[in-house]
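Engineer: This is a predicted model, with the sequence first.
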Amino acid sequence: MKRAVLVALIALAVVTTDSCRRQVPTLSLLVWEGYADPSFVRGFEEAHRCKIVASYMGSSDELVAKLRGGSASNYDVISPSSDVATMIATSGLAAPLDPSKLPSYPQLSPKLRALPLVRAGDKVYGVPFMWGPNPLLYDATFFAKPPESWSVLWDPKYRGKISVWDDLSTVYMAAQVLGYDKPDPAALYNLSDEQLARVKQKLLELKPNIRKIWATGGELTNLFQNHEVVAAMGWPLMTNQLRKLNFPIGEIIPRESTTGWIDHLMITAASEHKELAHAFLEYMIQARTQELVTEVTGYVPANPLAAQQMSLEEKKNLHLDDPDAYMARIFFWRHVPRRGKYNEIWNEVKAAQ
């Protein structure tokens, strides 16, 4: 009897151990909204017999705070934008990539690959993924014609009907309205104390018009849907979402131009699934996946071959018929040496009554 029990226990132990060994690996992401949609993530999960779990960030500063706050080990893959990608690449928070595991990397835009944003020495820490602008969004039924300038946000007739992003992009936008990007757009990211004080005053003048400062894309989509706002700084993601809901949303880059971002995919230094993470990066930069991501987000793919999967109208809407001309109207985010000061100014604006 004892022998039979012992044999049964051993058999159970073997089964349990084997079951543990066959546990489905989980890849954890900390990315922008739209970058883990089931429409394209499911294919990777099925091919690699794994599970993707995503958390979403509302700003670059939120991403950095989480990585530096001791929770970096909670994530395997991140999608930093061009304003913080360099810092992450050079501060030990990201793992160097193995190019041999990324056969699609040479297909990516040579212009994007040539940028030194995610390089340190002879090592590369990220792959270009998606890029795009922070456009002016507006309710097309409310405006007789598209607004031409960011200054429309300050028009008193739109009191309580405007929304802006809880991000330094709003600071950059006010600086553009004040002309601080002339003649050198890079000046937006290195404003003086005097210029920042003027930007702060300009944003304080905007406060009466602000219905809400949005933090997530879904928030802004709902604000438009519920007719709480008529104009806002947004992302092409919200334009895409609202068009699918048959909402009459308009999108424009104003005459002052706008700022924008180049998002990269990186593997955290703390990741315990670097092999699987490399496979995920390779999957995400393949032309077919890039096209699927674009369908969800409305962003421009880093892999130009994604355009081969699109109709002529889709290519035109994404400006893939002339991406260089489109890029020329976007001042891509850069490292901000005095980021702490910029955040101080923005936090004071938010706190003001």
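Structural biologist: Done, it's in.

Engineer: rest of the way, CA atoms for contacts and neighbours
Structural biologist: Fine.

Engineer: In the stretch 1-150 of the chain, what residue spans correspond to helices?
Structural biologist: Secondary structure of the stretch 1-150 of the chain by DSSP state H, counting those that start in this stretch: the helices cover 2-21, 38-48, 60-66, 85-90, 110-114.

Engineer: And those, which one averages the lowest pLDDT?
Structural biologist: Among the helices of the stretch 1-150 of the chain, helix 2-21 carries the lowest mean pLDDT, at a mean of 48.

Engineer: Can you report how many residues lie near Gln308?
Structural biologist: Neighbour count for Gln308, taken as other CA atoms under 10 Å: 12.

Engineer: Can you find the helix or strand of the chain with the lowest average pLDDT?
Structural biologist: In the chain, the helix or strand scored least confidently by mean pLDDT, DSSP states H and E is helix 2-21, which has a mean of 48.

Engineer: tell me the strands in the chain, going along the chain?
Structural biologist: For the chain, the strands defined by DSSP state E occupy 26-31, 51-56, 77-78, 119-120, 123-124, 127-133, 136-139, 162-165, 210-214, 231-233, 249-252, 258-267, 300-301, 330-332.

Engineer: Could I get the average pLDDT for the last one?
Structural biologist: In this case it means strand 330-332. In this model, strand 330-332 carries a mean pLDDT of 95.

Engineer: next one: it to chain centre, how far?
Structural biologist: Centroid separation between strand 330-332 and its chain, computed with CA atoms, centre = their mean, to the nearest Å, is 14 Å.

Engineer: Tell me the helices and strands packed up against it.
Structural biologist: The contact analysis (3 or more CA pairs under 8 Å, 6 or more residues apart in numbering; DSSP states H and E) places strand 330-332 against strand 258-267.

Engineer: so what does the strand it packs on touch, helix or strand wise?
Structural biologist: strand 77-78, strand 127-133, helix 168-177, helix 274-285, strand 330-332.

Engineer: What strands line up against it, and which way round?
Structural biologist: If you go by DSSP bridges, strand 258-267 pairs up with strand 77-78 (antiparallel), strand 127-133 (antiparallel), strand 330-332 (parallel).

Engineer: Flag the shaky bits of the protein, pLDDT-wise.
Structural biologist: 1-22, 72 (pLDDT under 70).

Engineer: Pull the contacting residues for the nearest residue to Pro128 once chain neighbours are set aside.
Structural biologist: Spatially, and ignoring its direct neighbours in sequence, Pro128 is nearest to His264 (4.4 Å; CA to CA, 6 or more residues apart in numbering). When contacts are counted by CA atoms under 8 Å, 6 or more residues apart in numbering, His264 is found next to Ser79, Pro80, Ser81, Ser82, Ala85, Gly126, Val127, Pro128, Phe129, Met130.

Engineer: which of those sit farthest apart?
Structural biologist: Ala85 and Met130 (13.4 Å; CA to CA).

Engineer: what about the closest residue to Glu282 other than its chain neighbours, neighbour count?
Structural biologist: In this structure, Glu282 finds its nearest non-sequential neighbour in Leu102, 5.1 Å apart by CA to CA, 6+ apart. Look at Leu102: counted by other CA under 10 Å, it has 18 neighbours.
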